[in-house]
Structures are given as C-alpha cells and as structure tokens.
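Trainee: okay, predicted coordinates and the sequence, questions at the end:
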Amino acid sequence: MAAAAAASRAGHARSCRSPRLILRIDRVPATAYIATMALRDILILPDKRLRQVSDPVKKIDASLRKLIEDMFETMYDAPGIGLAAIQIGAPKRVITMDLAKKEEPRNPQVFINPEIVWTSQEKATYEEGCLSIPEYYDDVERPAQVKLKYLDLEGKPREVEANGLFATCLQHEIDHLNGVLFIDHLSKLKRDRVLKKFTKAAKRAAV
Ligand code: K1U
Ligand code: ZN
C-alpha cells in the first residue's frame, strides 16, 4: 500500500493546531517552552549533513528537551509524521513521530538512541516520502515488523514492537540517523535522477 498517500487518505494530514498542545511531554511547565520553542529549517537534499551518522545521546538535559520541542514544532508544521534530529541539523540519535489521524488527538512519540533488535522475514512495501526530499514519493520494501529498543524522555529503557506504517516510519527515521535516505533503497537510475533534480534546484536557489 502507498504509505504517504494512504496516510493522507487515512487522515494523517493535520491542520495547524496550536503548538502549545504538543509541548507537555515532560514535567517542565509548558510556559518554559513557549518562550523558547522554534520552528527550524529542514535540510534538503543534496545537503551533505543528511549523510552524517548521528551521535548517541549521552545525557537527557534541558538542551535535548529543547531540541525535541523544536523537532515536534517543525514536524507538525511541515507537516510530517516523523522527523530525525539530523533533518534540522542536529546530529543526535533522536526521532520524533506522530501517527495519529487528523480526527484523533495528537500522539507525540520520542525515541532516543533507538536500536532495531529484530526484523521480520516478511516484507512490506509502502510509498514513502521525506521532508528532506520534498514532493518525491516512491515505493520502498522493508521488513514488515521490527522490534526496537530505545530510551524515553526520562532516560528509561523501553522496547516496542511495530508493524504497518509505524514499522516503516521507524526504519525510515533510523536510516536518517545512519545517513541513509529512502532513495538509497531505490534503483541507481531512480536515485541518480532524484539527486540530479535536487542538485540542480539547489544550484538555481544559490544564484
Ligand atoms: O523523515 C521524514 O522525512 C518524515 C517522513 C516520514 C515518513 C513518511 C512516509 C513513510 C515513511 C516515513 C514524512 O513525514 S513525509 C510526509 C508524510 O508522509 C505525510 C505528511 C502528512 C500527512 C501524511 C503523511
Ligand atoms: Zn525522511
């Protein structure tokens, strides 16, 4: 099934709601964030930073929480269903995600230092998109189910089993943490075509 189109059909596309709703993800008063939250620029192909391998998070502190707030704000604004920190230029192993449909309440999820510990033999194909490769969508085959270890916002180790769009989105975002883009899963012909188009656009924008 085509994920981006299907996600959109299933109502994942959200209208802009107050960003305040997404801010209460830990015990720091919401007002502390409202003063400082920021919409950040999303890196676009062929920005070389997208090829960087991100560093593990060592400490969950105020600056990491601020980064995560900025990621949510940027992800909801785009709009997207996932975001890796490197997409806003921060090479840290952090992912934000919200797969709630538009009629559902928001469901912000954060994965710190995520590690896939098991993948199914069964494969699933979804039509993926990427906020760093705007308006390009293509089918990608990946394991249909994955098991993931990660840290939550309190630094507590957690495990989750994912399938469907959740599994696809987790794998897409973890690829970002390793400098891998979904176009790397396509044929060389398709990948080169996309790269050429975005390289040309970047050159045009630079003059
Ligand atoms: O990592 C990213 O660039 C975010 C990307 C996540 C993703 C989408 C589809 C399959 C795998 C991973 C996006 O969010 S692209 C935008 C998108 O898919 C979407 C946006 C609004 C509503 C529904 C879907
Ligand atoms: Zn992406």
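Mentor: Cool, the structure landed. Since this is a predicted model, take the numbers as computed values, not measurements. Ligands and ions are numbered 1, 2, ... in the order given.

Trainee: CA atoms for contacts and neighbours, from now on please.
Mentor: OK.

Trainee: any low-confidence regions in this structure?
Mentor: Low-confidence segments of the chain, defined by pLDDT under 70: 1-35.

Trainee: just the helices in this structure please.
Mentor: In the chain, the helices defined using DSSP state H lie at 3-9, 30-34, 62-77, 164-177, 188-206.

Trainee: residue ranges for the strands of this structure, please.
Mentor: With DSSP state E as the criterion, the chain has strands at 82-84, 94-97, 109-119, 123-128, 138-143, 145-151, 157-163.

Trainee: output those in JSON lines, with mean neighbour count appended to each entry.
Mentor: Formatted as JSON lines, the strands of the chain follow (neighbours: other C-alpha atoms under 10 Å):
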{"stretch": "strand 82-84", "mean neighbour count": "27"}
{"stretch": "strand 94-97", "mean neighbour count": "25"}
{"stretch": "strand 109-119", "mean neighbour count": "18"}
{"stretch": "strand 123-128", "mean neighbour count": "18"}
{"stretch": "strand 138-143", "mean neighbour count": "18"}
{"stretch": "strand 145-151", "mean neighbour count": "20"}
{"stretch": "strand 157-163", "mean neighbour count": "14"}
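
Trainee: closest to Met37 out of those?
Mentor: Closest of those to Met37 is strand 94-97, at 15.2 Å (criterion: C-alpha to C-alpha).

Trainee: which helices and strands sit right next to that closest one?
Mentor: Under the contact criterion of 3 or more C-alpha pairs under 8 Å, 6 or more residues apart in numbering; DSSP states H and E, strand 94-97 touches helix 62-77, strand 82-84, strand 109-119, helix 164-177.

Trainee: if we use 6 Å, what do you get?
Mentor: strand 82-84, strand 109-119 (3 or more C-alpha pairs under 6 Å, 6 or more residues apart in numbering; DSSP states H and E).

Trainee: TSV for these, including distance to Met71?
Mentor: Formatted as TSV, the helices and strands packed on strand 94-97 follow (distance: least, C-alpha to C-alpha, whole Å):
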stretch	distance to Met71
strand 82-84	7
strand 109-119	10
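
Trainee: what's the local residue count around the closest residue to Phe182 other than its chain neighbours?
Mentor: Spatial nearest neighbour of Phe182, chain neighbours left out: His172 (6.7 Å); criterion: C-alpha to C-alpha, 6 or more residues apart in numbering. Applying other C-alpha atoms under 10 Å, we find 22 residues neighbouring His172.

Trainee: Asn113 is nearest to which of the helices of the chain?
Mentor: Among those, the nearest to Asn113 by C-alpha to C-alpha is helix 164-177 (9.3 Å).

Trainee: tell me the contacts of the residue positioned nearest the centre of the chain?
Mentor: In the chain, the residue lying closest to the centroid (C-alpha atoms, centre = their mean) is Leu83, at 2.1 Å. Counting by C-alpha atoms under 6 Å, 6 or more residues apart in numbering, Leu83 makes contact with Ile95, Thr96.

Trainee: do that again at 8 Å, thanks
Mentor: Taking C-alpha atoms under 8 Å, 6 or more residues apart in numbering as the criterion, Leu83 is in contact with Met71, Met75, Ile95, Thr96, Met97, Glu173.
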